[in-house]
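K.L.:
have a look at this prediction, sequence included:
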Amino acid sequence: MAVPAAASVRDPNRYPPPAITGLVDLLDRHVRERPRARALIVNGDRAELSYGALAALADDVAGQLGGTGLRRGDAVGLVCANTVEFVVALLGGARAGLVIAPMDPALPVSQMSARLEALGAQVVLLGPPRAGAPPVAQFPVPTWTLRVDLPRRGTAMAALGTGAPAVRHVRGAADELSSHDALVLFTAGTTDQAKMVPLTHSNVAASVQGICATYELGPGDATVAVMPFFHGHGLFAALLSSLASGGCVLLPERGRFSAHTFWDDMRAAAATWFTAVPTIHEILLDRSAVDLPGPQAPALKFVRSCSAPLNTATQRALERTLGAPLLSAYGMTESTHQATSEPLTQQELLKHGSVGRPTGVEIRVADRNGHTCPVGTEGEVWVHGPTVARGYLGNPAETARSFVDGWFRTGDLGSLDDDRNLFLTGRIKNLINRGGEKISPEHVEDILAGCPGVAEAAVFAVPDPTYGQRVGAAVVVHEGESIGSEEILRYCRGRLAAFETPDRLEVVVALPHTAKGGLDRRTVEARYAH
């Protein structure tokens, strides 16, 4: 079904995307022209931070980092929730010429340490710990805590605790980085072995400009940070695009999404749009009868959905409930987030079920031999353009397989229609997509197999109306062992992120195998996933 999109607030042919070159000059125009305009709304008391004040904090942190012995092009980890410290550390690090690698604070320390060592990070920047949180974890490199003080009156201050000095070493893949690089993001596939994607300042600029142009973002726009900034979705679509276009971002209390406070936050920011995964859209829809503030709700220009397939019925229901078009987008880490999106302007039609048309990149659908498929024919989605990364750090074999003559092979299946709208139909890989979190079944199986008493394990996706998929597992225990499912899950919880831990685990007598002796995943799914 096709429905009209909202009217464009500007002539799309005359919309000027922000003139930036990367993270370093992201704020510059607004600091010159609108230094007192609000850039961030932070903390529970919703203190406002202007563009001038945010830039001053970033410059202050850049100066502090510059006196630590770090060099331009060095890799630095960043472990922080969606707080003002994350934003200041990111922009300050960029202004110091460093390459920032955001990491999920919820990952087990062992996984974060493995990623830091694989990257070759010199230090880790930490946000302030939450009240009652355990002591700072011990990482294989020095940890420096950043605190930003926002007094009700006076000047905002940033304090970087650079206790242990950076220790220079050449381990890891950091020697492949240079001052042209801005970020290293970790793919959400396997966990300890997650692929590292280097993104240049040019990649960042092209991505941000494409997102801003797609949705015609400008100084009159504001949003609430729903998605975490360590993923491309929250980082590029919500934070960086808003700041580059002169808009405002509200950072929720404690730096994470809360359905209970979401609409209050939207009103406090005078938000004009927001972006989220389908799981969150489902939650907001389910709670709309109670939480949606009716006539006091902010007038939304559009709502965006990305990172997982959006159910068409949910899309239609949300459009009716919110009175705004819900635009599906498609992206991945290797394309610096957004590659396609449904359009904003009323001259176009929203084709429910599609993820829109290319935004600043080329899309082709290829068969197994790499030949372009005819219109309407399913194949693998390939992406090419200025947002596409050059490859993976420290992984030449995977780079050669996934990056071909400047094209990135996404591993997703889909087809294009006559108007270049992309329709996704599945995934080639085995990844489980739990509300936008991509989970490797092989990694979870390795953890399960390490549990004392477990002989073999199979992990699979379980269909779920809220998350899209949940993690299921079938486990065989050694003969004579009496270990139960709860003991196995307890073992997993200390070694897996919460979203990776199986939601359902069954102890079985045996698992099916192929003729070659490998796990028969298709039979496993048919037998246990429903």
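P.N.:
Nice, thanks for sending it over.
K.L.:
going by C-alpha atoms from here, please, whenever you check contacts or count neighbours.
P.N.:
Will do.
K.L.:
in which helix or strand would I find Gly77?
P.N.:
For Gly77, the host element (DSSP states H and E) is strand 75-79.
K.L.:
just checking, what packs against the helix or strand following that strand?
P.N.:
Downstream of strand 75-79, the next assigned helix or strand under DSSP H and E is helix 84-95. Helices and strands touching helix 84-95, by 3 or more C-alpha pairs under 8 Å, 6 or more residues apart in numbering; DSSP states H and E, are helix 51-66, strand 75-79, strand 99-103, strand 143-149.
K.L.:
distance from helix 84-95 to the middle of the chain?
P.N.:
Taking the mean of its C-alpha atoms, helix 84-95 sits 17 Å from the chain's own mean (C-alpha atoms, centre = their mean, to the nearest Å).
K.L.:
ok, now stretch 427-443?
P.N.:
On C-alpha atoms, centre = their mean, the centre of stretch 427-443 falls 14 Å from that of its chain.
K.L.:
which one of the helices and strands packed on helix 84-95 lies nearest to Gly414?
P.N.:
Closest to Gly414 of the helices and strands packed on helix 84-95, according to C-alpha to C-alpha: strand 99-103, at 30.0 Å.
K.L.:
give me every residue that touches the residue nearest the centre of the chain.
P.N.:
Against the mean C-alpha coordinate of the chain, by C-alpha atoms, centre = their mean, the closest residue is His231 at 2.1 Å. Shown in contact with His231 (C-alpha atoms under 8 Å, 6 or more residues apart in numbering): 185, 333.
K.L.:
distance of it relative to Ala118?
P.N.:
19 Å (C-alpha to C-alpha, to the nearest Å).
K.L.:
returning to what we had before: so which of the helices and strands packed on helix 84-95 comes closest to Thr340?
P.N.:
With C-alpha to C-alpha as the yardstick, what comes closest out of these is strand 99-103 (24.0 Å).
K.L.:
ok now that closest one, how far from the chain's centre?
P.N.:
12 Å.
K.L.:
now swap in stretch 490-497 and tell me
P.N.:
Using C-alpha atoms, centre = their mean, the mean C-alpha position of stretch 490-497 is found 23 Å from that of the whole chain.
K.L.:
which parts of the stretch 301-450 of the chain are helices?
P.N.:
With DSSP state H, counting those that start in this stretch as the criterion, the stretch 301-450 of the chain has helices at 312-322, 396-402, 441-449.
K.L.:
what residues does the first one touch?
P.N.:
Residues outside helix 312-322 that contact it (C-alpha under 8 Å, 6+ apart): 281-282, 285, 288, 300, 325-326, 352-353.
K.L.:
does Val208 count as helix, strand or coil?
P.N.:
Following DSSP: H, G, I helix; E, B strand; the rest coil, the label given to Val208 is helix.
K.L.:
ugh, wrong one, Trp263
P.N.:
Of the three states, Trp263 takes helix under three-state DSSP.
K.L.:
now it: closest residue in space that isn't a chain neighbour?
P.N.:
The shortest distance from Trp263 to any residue other than its chain neighbours is 6.6 Å, reached at Leu292 (C-alpha to C-alpha, 6 or more residues apart in numbering).
K.L.:
ok, now how distant is that neighbour from Phe257?
P.N.:
16 Å.
K.L.:
tell me the contacts of Glu500?
P.N.:
Going by C-alpha under 8 Å, 6+ apart, Glu500 touches 439, 444, 471.
K.L.:
and if we set it to 7 Å?
P.N.:
Taking C-alpha atoms under 7 Å, 6 or more residues apart in numbering as the criterion, Glu500 is in contact with 439, 471.
K.L.:
Phe302 versus that one, what's the distance?
P.N.:
In terms of C-alpha to C-alpha, Glu500 sits 32 Å off from Phe302.
K.L.:
check what pLDDT the residue nearest to Trp263 gets.
P.N.:
Listed pLDDT for Leu292 reads 86.
K.L.:
again, but for Lys429
P.N.:
Lys429 carries a pLDDT value of 69.
K.L.:
what's the answer for Thr200, then?
P.N.:
Looking at Thr200, its pLDDT is 98.
K.L.:
can you offset everything so residue one is 542?
P.N.:
Fine by me, first position is 542 from now on; the one you just mentioned is Thr741.
K.L.:
ok, it touching Ala723?
P.N.:
Yes. In this structure, Thr741 is within contact of Ala723 by C-alpha atoms under 7 Å, at 5.0 Å.
K.L.:
of these two, who's got more company?
P.N.:
Ala723 (29 against 26; other C-alpha atoms under 10 Å).
K.L.:
secondary structure element holding the more buried one?
P.N.:
In the assignment (DSSP H and E), Ala723 maps to strand 722-727.
K.L.:
in CSV, list the C-alpha atoms belonging to that strand.
P.N.:
Coordinates of each C-alpha in strand 722-727 appear next as CSV, following Å, rounded to 0.1, in the frame of the first residue of the first chain:
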residue,chain,number,x,y,z
ASP,A,722,40.1,8.3,10.3
ALA,A,723,37.4,9.5,12.7
LEU,A,724,35.8,6.4,14.2
VAL,A,725,36.1,2.6,14.6
LEU,A,726,32.8,0.9,15.1
PHE,A,727,32.3,-2.7,15.9
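K.L.:
and it, how far out from the chain middle?
P.N.:
Computed by C-alpha atoms, centre = their mean, the chain-centroid distance of strand 722-727 equals 12 Å.
K.L.:
and that strand, which residues are buried?
P.N.:
Buried residues in strand 722-727, counted by 16 or more other C-alpha atoms under 10 Å: 722-727.
K.L.:
before we move on, the earlier item: would you list the helices of the stretch 842-991 of the chain in a markdown table and tack on mean pLDDT?
P.N.:
As requested, the helices of the stretch 842-991 of the chain are exported to a markdown table (pLDDT from 0 to 100):
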| stretch | mean pLDDT |
| --- | --- |
| helix 853-863 | 87 |
| helix 937-943 | 96 |
| helix 982-990 | 84 |
